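K.L.:
sequence and computational prediction follow.
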Amino acid sequence: MNLSFIIVEPSRPGNVGSAARAIKTMGFASLRLVNPCDHMSTDAKKLAYGSHDVLQSSEVFDSLSDAIQDLDLVIATTAKNRTVWNDYLTPSQCVDLLRKKGESVQKVGIVFGREESGLTTSELDLCDIRSTVPLSAPYPSINLAQSVMIYAYEFSRLGHSQKDQESIDLSEQKVLKDTAQAILNKLDITRNTNLSRRMIERLMLANKDDIHLFLSFHQFLNRYLDKNED
């Protein structure tokens, strides 16, 4: 499994440097930045001690949608539950979910928001799963670099695979999402409705066996419909 850490519009170079160090410490290397501050500044490099290679190889994107377009599964991190319509997993629960998915998912992204305001609602909607770190008290809250370290530590339990992304075949997770969206579109359930988003979100929690079952059912349904149309 190839794991990318994605930070949206970080405003403090030191936080980016600290995040790079956290990623490197836990054995990861892929950092993606959306409209970042000067992530190669002296302040960033000071706090990225021993992790300058992560900063130098980081990829910069103009938007979150561009940063996640090649990923099979995207996990958004957020500090608070904004609506009862969504499920929120802890970092540990995210790891357990990915274990159950097995080889059905190959490329995963964990998205972190701005230091002051986090991710916008529209950015959260671009992601498949929402995750939060449960706190004993709401204040003081954990900062960006601390959040990256917590997720990097938890996800390090999965083991690492830094394969060339071009060599990874399209995952079953991606096929599941595209198939489900095609069905919703065919039924005229638009992507912007709460029902559509909720159905896709719940499907993203499926384990490997559930994904196989859904895709097998879809193939059977297509053959049945084609036969009756003839």
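P.N.:
Arrived safely, thanks for sending. Residues are numbered from 1 along each chain as shown.

K.L.:
and the residue most central in space within the chain, bridged to which residues?
P.N.:
By Cα atoms, centre = their mean, the mean C-alpha position of the chain lies nearest to residue 74, the distance being 2.3 Å. Note on residue 74: beta-bridge partners residue 109, judged by DSSP bridges.

K.L.:
look up how far residue 174 lies from it.
P.N.:
Separation of residue 74 from residue 174 (Cβ to Cβ, to the nearest Å) stands at 11 Å. C-beta coordinates here come from the backbone N, C-alpha and C atoms, glycine included.

K.L.:
which residues touch residue 26?
P.N.:
149, 152-153, 155-156 (Cβ atoms under 8 Å, 6 or more residues apart in numbering).

K.L.:
go again with 6 Å.
P.N.:
152-153, 156 (Cβ atoms under 6 Å, 6 or more residues apart in numbering).

K.L.:
among those residues, which ones are buried?
P.N.:
Buried subset of those (neighbour count, 16 or more other Cβ atoms under 10 Å): 152, 156.

K.L.:
not counting sequence-adjacent ones, nearest residue to residue 100?
P.N.:
Among residues not flanking residue 100 along the chain, residue 207 sits closest, at 3.6 Å (Cβ to Cβ, 6 or more residues apart in numbering).

K.L.:
same check on residue 51?
P.N.:
Closest to residue 51 by Cβ to Cβ, 6+ apart is residue 24, at 3.9 Å.
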